[in-house]
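Asker: prediction below, plus the sequence it came from.
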There are 2 protein chains.
Amino acid sequence: MGITDRKKRQKEEVRSQILSTAWAIVKEEGWQSLSIRRIAEAIEYSVPIIYEHFENKEAILNQFGMEGYRMLAKVLKTAKDKDPDPARQLQSMALAYWNFAQKNKEHYQLMFGVGMACCEVKMCGSEKKLYKDLMMEPIMVIISNKKNTDTNPCLKFHTFWSILHGLVSIRLTGNSEVSNDLNKMVLEDAISGFIKNLN
Amino acid sequence: MGITDRKKRQKEEVRSQILSTAWAIVKEEGWQSLSIRRIAEAIEYSVPIIYEHFENKEAILNQFGMEGYRMLAKVLKTAKDKDPDPARQLQSMALAYWNFAQKNKEHYQLMFGVGMACCEVKMCGSEKKLYKDLMMEPIMVIISNKKNTDTNPCLKFHTFWSILHGLVSIRLTGNSEVSNDLNKMVLEDAISGFIKNLN
DNA sequence: TTAATTTTGCTAACGGTGTTAGGTAAATTG
DNA sequence: CAATTTACCTAACACCGTTAGCAAAATTAA
């Protein structure tokens, strides 16, 4: 039956239209602007049609989430394959990870629940500065005690903070299955490594 | 005038009721369940009353955001004051930071835009595993090449990932004012420190 | 005490969201 | 040509943040 074939193709076409339209909206205006109604309007179909292709809005988001993980795996693989040395592999993969997040901001946000529907806490400048200063001070003391004068304290503070925040937010968003105890061990491991490197 | 005094007190009372009720809702059901209407119902006032105390919903959230920063600064300060040695100060503050995030999950989410209105990307188990395996492999190689046999590769992978994710998500959420170039330098700094520590 | 004015709080609406029940018109089948 | 399936839409439900406009109460002035 060629007719049912064509119908299947047409239905598939609508499905991919939904996804591509959704992506266009996200790219232009961010995740917060993505709504079922806006997709429906853009593809010139009524709202319930979308629910014939996806169970709900989350199902649409999941498509992009999975796509993101596949893309990340791909760039990591190519980075890894460039060199047989494991240490250089790690360096290269780290850079690839960073580049992926930069070039695919929207994917990364979805994959790790970062900055979605954020509340724009920008007004607390002075409150932020306080805890920043607190963490910065001992770092500067350690640096000044060493002969290595070209160490950037601001850079070191940022490294310190990144380690902490990465650890915490991975646990908070439930992106990991490790226990609290292991998480705490990771913390101590990472920080002691940081301090060793500081000297 | 005692009357205007009492009125001011009563108004202040309503304001703090709004905040405490909002907090109760968040604690019980998370940020996604917090709505102006639910607060109004709980304090037994109509919705517009809330707008007499706060410009909008975001203003309410900002209160908790600022409170969070103040709390964080406090615990960091006490941690720092426990020891004059800067290295031990860093260790202690790192632990304090971690404990703060654990005990004040809701505050931390708000402060750093983590896992808010997240899309629950849980279905991509196999997709996740792929990139995990890729990053894990070179770590295991390095570990096995060294004599230190008690190094946990799973722990090391998590450290590696935390550094990366922390760096990325801080930049994505706009929680930092550093440039892309500096951010990249932090990346290289942190990773080289990690690898050095791995050996 | 009464009239004018301010304060206080409400109802009801606007425009938006995700989701679904129920009905109509078109296309396919018998 | 009639019956049935398929495709699709309208309209609603229950939420959301936000605001305009009005009624009642409290305060002040005469």
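Answerer: Sure thing, it's come through. Numbering: from 1, shown residues only, chains lettered A, B, ... in the order given.
Asker: now do the helices in chain A.
Answerer: Remark: helices assigned in chain A by DSSP state H are A:2-29, A:36-42, A:47-53, A:57-80, A:86-103, A:105-112, A:125-145, A:153-172, A:180-198.
Asker: what residues are up against whatever residue of chain A ends up closest to DNA strand D?
Answerer: Per C-beta to the nearest atom of the strand, A:Ser46 is where chain A lies closest to DNA strand D, at 3.3 Å. All C-beta spots, glycine's among them, are computed from the backbone N, C-alpha and C. If you count contacts by C-beta atoms under 8 Å, 6 or more residues apart in numbering or on different chains, A:Ser46 has them with A:Ala40.
Asker: for it, phi and psi?
Answerer: Per-residue torsions, A:Ser46: phi -80, psi 160 (degrees, to the nearest 10).
Asker: roughly how far apart are it and A:Glu52?
Answerer: 10 Å (C-beta to C-beta, to the nearest Å).
Asker: how about A:Glu106?
Answerer: Plainly put, A:Glu106 is 25 Å away from A:Glu52 if you go by C-beta to C-beta.
Asker: which one's more surrounded, the two?
Answerer: Neighbours per residue (other C-beta atoms under 10 Å in any protein chain shown) separate A:Glu106 from A:Glu52, with A:Glu106 holding more: 17 against 11.
Asker: show me what contacts the more buried one?
Answerer: Shown in contact with A:Glu106 (C-beta under 8 Å, 6+ apart): A:26-27, A:30-31, A:64.
Asker: can I get these in a markdown table including distance to A:Met136 and neighbour count?
Answerer: Listed next are the contacts of A:Glu106 as a markdown table, based on distance: C-beta to C-beta, whole Å; neighbours: other C-beta atoms under 10 Å in any protein chain shown:
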| residue | distance to A:Met136 | neighbour count |
| --- | --- | --- |
| A:Val26 | 36 | 19 |
| A:Lys27 | 37 | 10 |
| A:Gly30 | 32 | 15 |
| A:Trp31 | 33 | 18 |
| A:Phe64 | 38 | 22 |
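Asker: low-confidence regions, chain A specifically.
Answerer: For chain A, applying pLDDT under 70 flags the ranges A:1-3, A:115-128, A:130-132, A:147-148, A:172, A:174-176.
Asker: quick check, central residue of it?
Answerer: For chain A, the residue nearest the mean C-alpha position is A:Tyr108 (3.1 Å; C-alpha atoms, centre = their mean).
Asker: which one is it nearest to, not counting chain neighbours?
Answerer: A:Ala101 (4.5 Å; C-beta to C-beta, 6 or more residues apart in numbering or on different chains).
Asker: just A:Glu67 next, same as before
Answerer: In this structure, A:Glu67 finds its nearest non-sequential neighbour in A:His107, 6.9 Å apart by C-beta to C-beta, 6+ apart.
Asker: how many residues are close by that neighbour?
Answerer: Neighbour tally, A:His107, other C-beta under 10 Å: 21.
Asker: could you list the buried residues of stretch A:184-199?
Answerer: Within stretch A:184-199, the residues that qualify as buried are A:184-187, A:189-191, A:193-195, A:197-198, counting by 16 or more other C-beta atoms under 10 Å in any protein chain shown.
Asker: list the contacts for A:Met135?
Answerer: Taking C-beta under 8 Å, 6+ apart, we find A:Met135 in contact with A:157, A:160-161, B:76, B:90, B:93.
Asker: greatest separation within those residues: which pair is it?
Answerer: Distance extremes for the contacts of A:Met135: the farthest pair is A:Phe157 and B:Leu76 at 12.7 Å, using C-beta to C-beta.
Asker: quick one: contacts for A:Lys57?
Answerer: A:Lys57 sits next to A:Ile36 when contact means C-beta under 8 Å, 6+ apart.
Asker: so how far is A:Gly65 from it?
Answerer: A:Lys57 is 13 Å from A:Gly65, by C-beta to C-beta.
Asker: from B:Val114, how far out is A:Glu41?
Answerer: 32 Å.
Asker: pick out whichever of these two has more residues nearby.
Answerer: A count of neighbours by other C-beta under 10 Å puts B:Val114 above the other of A:Glu41 and B:Val114, at 26 against 13.
Asker: was I right to think that one contacts A:Ile170?
Answerer: No. With contact defined as C-beta atoms under 8 Å, B:Val114 does not count as touching A:Ile170 (9.3 Å).
Asker: what's the spacing between the residue nearest to A:Met93 when sequence neighbours are not counted and B:Phe54?
Answerer: Nearest non-adjacent residue to A:Met93, counting by C-beta to C-beta, 6+ apart: A:Ala79, 4.8 Å away. From A:Ala79 across to B:Phe54, the span is 48 Å (C-beta to C-beta).
Asker: looking at the two, which has the bigger crowd around it?
Answerer: A:Ala79 (22 against 19).
Asker: and the more buried one, what does it touch?
Answerer: A:89, A:92-93, A:95-96.
Asker: of these - the most surrounded one?
Answerer: Greatest neighbour count in those, by other C-beta under 10 Å, goes to A:Met93: 25 neighbours.
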